[in-house]
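Enquirer: Fold the following, please.
(chains A, B, C, D and E, ligands or ions: 5)
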Amino acid sequence: MYAEVFTTMQSTTPPTLLQVDQLACERDERSLFVGLQFTVKAGEIWHIKGPNGAGKTSLLRQLAGLLPVDQGQVSFPTGKQLLYIGHKLSIKDQLSANENLSWLTALTVSSTENQRYAALEKVGLRGYEESLAAQLSAGQRRRIALARLHLNPAPLWLLDEPLTAMDQQGVMDEQRWFVEHLRTGGAIVLTSHQDLLLDNVKILDLSAAVEAAL
Amino acid sequence: MYAEVFTTMQSTTPPTLLQVDQLACERDERSLFVGLQFTVKAGEIWHIKGPNGAGKTSLLRQLAGLLPVDQGQVSFPTGKQLLYIGHKLSIKDQLSANENLSWLTALTVSSTENQRYAALEKVGLRGYEESLAAQLSAGQRRRIALARLHLNPAPLWLLDEPLTAMDQQGVMDEQRWFVEHLRTGGAIVLTSHQDLLLDNVKILDLSAAVEAAL
Amino acid sequence: MMSFVLSIIRRDLLLVMRYPAEMVNPLVFFVLVVALFPMGVSPEAKLLSQAAAGVVWVAALLATLLSLDILFKADFADGSLEQLLLAPQPVWALVLAKVVVHWLVSGLPLVLLSPVVATMLFLPTEAMPALLLSLLVGTPTLSLFGAVGAALVTGVKTGGMLISLLVLPLYIPVLLFGTGAVAAAAQGMPVAGYLAYLGAMLVFALMVTPWAAATALKIGQMQG
Amino acid sequence: MMSFVLSIIRRDLLLVMRYPAEMVNPLVFFVLVVALFPMGVSPEAKLLSQAAAGVVWVAALLATLLSLDILFKADFADGSLEQLLLAPQPVWALVLAKVVVHWLVSGLPLVLLSPVVATMLFLPTEAMPALLLSLLVGTPTLSLFGAVGAALVTGVKTGGMLISLLVLPLYIPVLLFGTGAVAAAAQGMPVAGYLAYLGAMLVFALMVTPWAAATALKIGQMQG
Amino acid sequence: MSWFDNWHLPKWFYQMASPKWFFDFGARLQPWFAALALLFIVCGLVWGLLYAPADYQQGNSFRIMYVHVPAAILSQSIFLMMGVTGAIGLIWKMKVAFMVARACTLVGASFTALALITGAIWGKPTWGAYWVWDARLTSTLIMLFLYTGVMALNQAIADRSVAGRATAILAIIGSINIPVIKYSVEWWNTLHQASTFTLTAKPSMPPEMYMPLLFMVLGCYCLCAWLVVQGTRNEILDQERQASWVARYLEDQ
Ligand code: HEM
Ligand SMILES: Nc1ncnc2c1ncn2[C@@H]1O[C@H](COP(=O)(O)OP(=O)(O)OP(=O)(O)O)[C@@H](O)[C@H]1O
Ligand SMILES: Nc1ncnc2c1ncn2[C@@H]1O[C@H](COP(=O)(O)OP(=O)(O)OP(=O)(O)O)[C@@H](O)[C@H]1O
Ligand SMILES: [Mg+2]
Ligand SMILES: [Mg+2]
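Expert: Numbers count the residues shown, from 1 in each chain, chains lettered A, B, ... in the order given. Ligands and ions are numbered 1, 2, ... in the order given. Down below sits the predicted model:
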């Protein structure tokens, strides 16, 4: 899949990974947004913005298929291959960083111990590979989850506030990983209250969509 | 207590609310910091900095008395009256914003419904007072916890990453509340990976202390 | 301090009221266990009437045991326990508040329902008051001892089973005196002695367990 | 898909191994319930021997019931369930993996220990094979039906009692056929019929419950 | 479930999927159910309680049958209905079906409790005990537990649409299990307990006793239909309260 996306990249127009049509979201009888429409192509990074409660998390969960889509459509022209990292990190306290990464990766591909150690090193957890997750700090736990970015071949990343809990160095590193992913034909949709330091970030401001919903 | 602090403010030197002497922290046989020494006076805001895993949360928990202090001393010359808000927000999913605030406040003082509604309005939760916490977004949940700042008379605030999950407007508002608290004779010790926009922030960099510990 | 205790009680009852299922559940479990017995063992009236007191008491004990989870687990998980421990009030007051709610929610309804289930097991009518009284005095003791077990396992990731292991041995004396009282009543013998023992155990539990549970909670906190 | 199932099984067994208490707990609960019975009811050998099969089966049923929490609760709380549901594999495969682990951890040890506790209750020796076999065929059914209950309550904030309420009525046929087999064996009657019924129920559960539990999990996810 | 999409079901089936349509249609049906229920129940009660001959063995205590038997029959029918509507809701994604199922729950549980209570009251004079572990009694008790489980689950899940779907699964599993439970209980009982207490096999009743019973059963079916429709309509008002037609309807009231 990965290779396929990569080869199509060579052609003139990058392939569309995600297409959103007239999407609306309603929670508990409050309409959050209506008529959302955008297309995520390979090589693009989308930053979903909006104040607290605007519906950023809800939107990401709809894209991932974790929240029902009652109105509108979400489609994946090249197949639904995505990596979703939400507020909850899916980290098991009783398992070590390496073990956690192992089962999380196994959901899609298999990985070797070496690959996992390399990924953990990239996210700055060298020396903590066999520490139990319960004994790690908030930022270190998030880093375990982010290590999945280095092992998962899915072209589309859906990341909910991936910059929280990371230290300042970590925030920079993470954005470097994003660039790397975009370069290899991936695409990213993320939410964040901090501004990204990258070029060509496409902004989707939900406060505008909220106005429309009212 | 609150009034007393306020009157002593009028005298030349502000009172010392927290005194830390030769504090060390060791977790799981890893020494995090040794020989920490600082004094928090009324009107001061301390920003604890450091990379992920430096020991910021551990330090705050030691100050609050939630983690044992094996070496060194933590003392409160004017009495231990503090408000701690940690990573876990102590919000009950099944209770509404107002009900949550009610019991959290009742731990120290009593509050009226009007006071709570006013506090919730200050943190931008107007209209969500009777929504169940389970149905609020990440930032909105944090705002419930922060509403305690407007109802609790404790002069010393210990806040662990209070700016996460808040939107950009929220980050500004929060810092305004900090200033207000400092003006009325309070003091704040907080951790954050973002820089504060306030003047006279005292910085305690744990990376330095970590060096010392090695 | 009284207002602190009351505010905790109010909050916890509110939490229960929000999902009344929580309240009905121990009760239904109690009835289910009692109902399982004739189905599993034998529906014969004679055998059942002989075993009735024991079965009702064992069911009450298990229902109490399994509802101990509501004492501190949720509060630990969402950080509320931290805040409760940081409050200026003594921790044993918190424990007492929690136990009161636990008993109101799990113990009392069960005592009130016990005549019905005892009738279904053909307990002799003359033993009924002894059953009611022994449960009334015994179940608070179960809640109190249970609180110590629940406090000890806060912060421990394993499910609610460890708690059974810790608490059941403490429950056995209560079970023995409780069923003893009913057996005595069924044979027309005086029950005051058994009830006195149960009462003494309640007093003992009231004196010791709030302190023990409070200490356990404070220790458990240090793991967070 | 097989490797997906195996990776889940491996992870869950690892989690259990990390805190072996999790594994020992249902077993200890099983033994404790069996032990409570003579204490609460009567230590007489004749009565015990009559009741033995029923008591062992009821205890097995309760022990299984109370260990159902480990199936999905923790995975829901920490977000693992989201990731498992997002994986390209079918959800029923996940359910099956979970059930296998649950049975290995709660059902199997209990079957292996049953001869010991049954001897303590003076179960006639000739009924022992029937007890073992009926438990061996019956406990997987309990785990399977339990998975549906556990899936239904993921995301529900109320404690682990709701699950008992949902699942126990479904367990009753298994209990009746199981104890029926032992009773028949004790009277020297053939047990094949009972075991056949238990087997049929197992097959039925295997066909229906993975679908039902998978649907329930997907629905429960929507609450997040 | 895509193969269902190609099915062509009658038009009314799709209409029923609309809460508004069901609300209005239910309102038109309700008077009929009410009238029929009243007619049958009054006739049945008057005939049964006042005119039917006393039983030669049980005297007048048998008259409780006119409540007991309909309640017992309905408790089972309603459970089945709950399972079927739940399945419809799941398969065709019909909101209204879940609402009907939810309305069924309380009605069914009440009838089950009524059957149990009247049975127990009846048991005292006839068997000398309020309760025995007879097959029928036991399976009725288990059914009450099943109902309680459905209600508890309904309550425990705040989101109505989630609750509807979750309880539907439980109701379906429960309905397919009811025959198994009934059968196993009956089999269990006959094995252990020879004939200490058994419900006498269908008593050959004289028509004067039998006809009022039939009336009562029919009346209770109508009553139950009225109750379920009423419950569903309340549910619709509650769940659709932000729809404009509900606001208009409530203003008219
Ligand atoms: C708590 C106690 C009782 C319960 C739970 C109970 C339950 C039931 C049930 C489930 C039915 C079946 C309805 C059907 O046909 O589907 C039934 C019918 C009936 N019951 Fe009861 N029953 C109880 C006590 C009694 C007593 C004490 C009597 C009188 C001796 C009695 C007499 C009858 C009769 C005559 C029928 C109708 C039989 C038929 O036409 O099939 N029941 N009951
Ligand atoms: N489980 C839920 N049930 C009902 N309503 C919900 C639920 N979760 C969130 N909401 C509501 O949906 C709205 C959007 O929530 P969402 O979590 O998508 O916001 P967000 O943009 O991610 O906010 P934040 O920046 O605080 O994370 C909020 O107003 C909230 O009240
Ligand atoms: N419960 C625990 N048991 C043992 N060690 C722990 C525990 N919690 C944290 N640690 C270790 O203590 C160190 C400091 O953790 P702490 O949570 O204080 O860091 P932090 O500075 O708050 O980091 P972050 O910025 O990620 O929140 C980490 O290296 C971590 O591995
Ligand atoms: Mg969010
Ligand atoms: Mg921290």
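Enquirer: contacting residues around the nearest residue to A:Leu156 once chain neighbours are set aside?
Expert: Distances taken as Cβ to Cβ, 6 or more residues apart in numbering or on different chains place A:Leu82 nearest to A:Leu156, at 4.3 Å, with adjacent residues excluded. Bear in mind the C-beta positions are built from the backbone N, C-alpha and C, glycine included. Neighbouring residues of A:Leu82 by Cβ atoms under 8 Å, 6 or more residues apart in numbering or on different chains: A:63-64, A:76, A:154-158, D:86.
Enquirer: got it, and A:Leu159?
Expert: A:Leu159 is in contact with A:60, A:84-85, A:188-191, counting by Cβ under 8 Å, 6+ apart.
Enquirer: Same check on C:Gly220?
Expert: When contacts are counted by Cβ under 8 Å, 6+ apart, C:Gly220 touches C:76, C:151-156.
Enquirer: of all those residues, which comes closest to chain A?
Expert: Distance to chain A, by Cβ to the nearest Cβ, is smallest for C:Gly155 among the contacts of C:Gly220, at 10.0 Å.
Enquirer: Which residue ranges make up each domain of chain A?
Expert: Listed domain ranges for chain A are A:1-81+A:155-214, A:92-152 (source: automatic domain parsing).
Enquirer: any idea how far A:Lys80 is from ligand 1?
Expert: From A:Lys80 over to ligand 1 the distance is 50 Å, taken as Cβ to the nearest ligand atom, to the nearest Å.
Enquirer: same check, this time on C:Pro129
Expert: Separation of C:Pro129 from ligand 1 (Cβ to the nearest ligand atom) stands at 25 Å.
Enquirer: again with C:Pro43
Expert: 14 Å.
Enquirer: Count the residues that sit near that residue.
Expert: As a burial measure, C:Pro43 scores 21 neighbours (other Cβ atoms under 10 Å in any protein chain shown).
Enquirer: sec struct for it, please.
Expert: State at C:Pro43, reduced to three classes by DSSP: H, G, I helix; E, B strand; the rest coil: coil.
Enquirer: was I right about it contacting E:Ala135?
Expert: No - with contact defined as Cβ atoms under 8 Å, C:Pro43 does not reach E:Ala135; the gap is 9.3 Å.
Enquirer: Of the contacts of A:Leu82, which belong to helices?
Expert: Using DSSP state H, the subset of those located in helices is A:63-64, D:86.
Enquirer: Closest one of the contacts of A:Leu159 to B:Thr184?
Expert: A:Thr191 (35.5 Å; Cβ to Cβ).
Enquirer: Just read off the phi/psi values of the nearest residue to the closest one once chain neighbours are set aside.
Expert: Excluding the flanking residues, the one nearest A:Thr191 by Cβ to Cβ, 6+ apart is A:Lys56, at 4.1 Å. Backbone torsions of A:Lys56, given as degrees, to the nearest 10, read phi -60, psi -50.
Enquirer: Mind pulling up the pLDDT for A:Lys56?
Expert: Looking at A:Lys56, its pLDDT stands at 96.
Enquirer: mind listing what residue 143 touches?
Expert: All of this refers to chain A. Listed by Cβ under 8 Å, 6+ apart, the contact set of A:Arg143 reads A:123-125, A:166, A:170, B:52.
Enquirer: I was after chain E.
Expert: With Cβ under 8 Å, 6+ apart, E:Met143 has these contacts: D:169, E:75-76, E:79, E:112, E:178, E:181.
Enquirer: what element comes up after the helix or strand harbouring it heading to the C-terminus?
Expert: If you go by DSSP states H and E, E:Met143 is part of helix E:135-156. The first helix or strand that comes after helix E:135-156 along the chain, using DSSP H and E, is helix E:160-192.
Enquirer: That following helix near chain B anywhere?
Expert: No - shown here: helix E:160-192 not in contact with chain B (Cβ under 8 Å from any Cβ of the partner chain), separated by at least 12.0 Å.
Enquirer: got the angle between the following helix or strand past that helix and helix E:160-192?
Expert: Note on helix E:160-192: by DSSP H and E, the next helix or strand toward the C-terminus is helix E:207-239. Relative orientation of helix E:207-239 versus helix E:160-192 (axes from the mean of the first three to the mean of the last three Cα atoms, to 10 degrees): 150 degrees.
Enquirer: I'd say the residue nearest to A:Thr191 and A:Trp46 touch.
Expert: No - contact criterion Cβ under 8 Å: A:Lys56 and A:Trp46 do not qualify, at 11.2 Å.
Enquirer: For chain A, which element, helix or strand, carries the lowest mean pLDDT?
Expert: In chain A, the helix or strand scored least confidently by mean pLDDT, DSSP states H and E is helix A:2-10, which has a mean of 49.
Enquirer: Now do the buried residues in stretch A:145-156.
Expert: A:145-152, A:154-156 (16 or more other Cβ atoms under 10 Å in any protein chain shown).
Enquirer: returning to what we had before: between the contacts of C:Gly220, which is nearest ligand 4?
Expert: Nearest to ligand 4 among the contacts of C:Gly220: C:Phe76, at 24.7 Å, using Cβ to the ion.
Enquirer: circling back to that earlier point, any idea of the pLDDT on the residue nearest to A:Leu156?
Expert: With respect to pLDDT, A:Leu82 scores 94.
Enquirer: ditto for C:Thr158
Expert: For C:Thr158, the model assigns a pLDDT of 57.
Enquirer: State the helix or strand in which the residue of the stretch 151-253 of chain E found nearest chain A lies.
Expert: Of all residues in the stretch 151-253 of chain E, E:Gln242 sits closest to chain A, at 5.1 Å by Cβ to the nearest Cβ. Assessed by DSSP H and E, E:Gln242 sits outside every helix and strand.
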